[in-house]
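K.L.:
Sequence first, predicted model second:
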Amino acid sequence: MGREKVPGDFIEYGIALGGSAIYIASELDGNRHFHGYDVFGMIPSPTEQDDEKSKARYETIRSGRSTGIGGDTYYRYQGNLFDKVSASFTGFGVPVDGERIVLHKGLFEDTVDLDPKTRIALAHLDCDWHDPVKFCLERTFEVLSPGGVMILDDYNDYGGCRTATDEFLAGRADCRLTRILPHAVIRRL
Ligand SMILES: C[S@@+](CC[C@H](N)C(=O)[O-])C[C@H]1O[C@@H](n2cnc3c(N)ncnc32)[C@H](O)[C@@H]1O
């Protein structure tokens, strides 16, 4: 993305066990910071804006029937998720120091408070359902640098994410959907 020319921090909405977040944090350069947001507990439910696939997936999770990687206990059913994910960051050489790398625990609606002077170069939205995607798109775009990008991880997976993204883009002249596969990417002009 020619990132050396785009000022700003990196952000992820939807950390889960930290897979993509740790990779993004490991790519920090210069004075950039990484901010990661997640409830680090039970995922909020989809709404009427979401498709049947999303609702079925949520029901599997909610009912305790989801299984983890390699047969492990699914991560949402484990305790101390925040501490475990923080330990993984440390293990991969990108410790959560509260300054350069910061994790915010709670619902996005309660924790996302981006200073108007903040600039974001890259945001990875990996939060599945319509309402959080809509919320994060709108909040992030306010402080997205020109040339900065927002990646929609679930655009091709969950209908609510696609609807929220398409609605966000409708009629806008200040950004472009620059790709759809493997994930959708919106770039600010
Ligand atoms: C698909 S997972 C993220 C996967 C992760 N990026 C990875 O690489 O494995 C989605 C995450 O978003 C979180 N999430 C969804 N809606 C949220 C909300 N409104 N507030 C906070 N976290 C939310 C869920 O709890 C879940 O951990």
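P.N.:
Thanks, I have it.
K.L.:
Going by C-alpha atoms from here, please, whenever you check contacts or count neighbours.
P.N.:
Will do.
K.L.:
what residues does the chain put near the ligand?
P.N.:
14-20, 38-44, 106-108, 126-128, 132 (Cα under 6 Å from any ligand atom).
K.L.:
give me that answer again for 8 Å
P.N.:
12-21, 37-44, 76, 105-109, 125-129, 131-132 (Cα under 8 Å from any ligand atom).
K.L.:
Now, those residues that are in helices?
P.N.:
19, 20, 21, 108, 109, 131, 132 (DSSP state H).
K.L.:
Show the buried residues in these.
P.N.:
With burial judged by 16 or more other Cα atoms under 10 Å, the buried subset of those is 21, 108, 131, 132.
K.L.:
is it possible to export these to a markdown table including pLDDT?
P.N.:
Formatted as a markdown table, those follow (pLDDT from 0 to 100):
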| residue | pLDDT |
| --- | --- |
| 21 | 98 |
| 108 | 98 |
| 131 | 98 |
| 132 | 98 |
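K.L.:
all helices of the chain, in order?
P.N.:
19-26, 52-62, 81-91, 108-111, 130-141, 159-169.
K.L.:
okay, those in CSV with distance to residue 119 next?
P.N.:
Formatted as CSV, the helices of the chain follow (distance: least, Cα to Cα, whole Å):
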stretch, distance to residue 119
helix 19-26, 16
helix 52-62, 32
helix 81-91, 23
helix 108-111, 17
helix 130-141, 9
helix 159-169, 20
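K.L.:
Which one of the ones you listed lies nearest to residue 101?
P.N.:
helix 19-26 (7.2 Å; Cα to Cα).
K.L.:
still on that earlier bit, with respect to residue 138, which of the ones in helices among the residues of the chain next to the ligand is nearest?
P.N.:
Nearest to residue 138 among these, with distances taken as Cα to Cα, is residue 132, at 9.9 Å.
K.L.:
show me what contacts residue 139?
P.N.:
residue 114 (Cα atoms under 8 Å, 6 or more residues apart in numbering).
K.L.:
What of residue 102?
P.N.:
With Cα under 8 Å, 6+ apart, residue 102 has these contacts: 33, 34, 35, 36, 96.
K.L.:
Return the subset of those residues lying in strands.
P.N.:
Using DSSP state E, the subset of the contacts of residue 102 located in strands is 34, 35, 36.
K.L.:
And these, which is closest to residue 142?
P.N.:
residue 35 (16.1 Å).
K.L.:
Surely the closest one and residue 10 touch.
P.N.:
Yes - under the criterion of Cα atoms under 8 Å, residue 35 makes contact with residue 10 at 6.6 Å.
K.L.:
neighbour-wise, which of the two wins?
P.N.:
residue 10 (25 against 21; other Cα atoms under 10 Å).
K.L.:
Against residue 47, how distant is the more buried one?
P.N.:
For residue 10, the distance to residue 47 (Cα to Cα, to the nearest Å) stands at 28 Å.
K.L.:
coming back round to it: for PyMOL, what selects the buried ones among the residues of the chain next to the ligand?
P.N.:
In PyMOL, a selection of the buried entries from the residues of the chain next to the ligand looks like this (16+ other Cα under 10 Å):
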select buried, resi 12+13+14+15+16+17+18+21+37+38+39+40+41+43+76+105+107+108+125+126+127+128+129+131+132
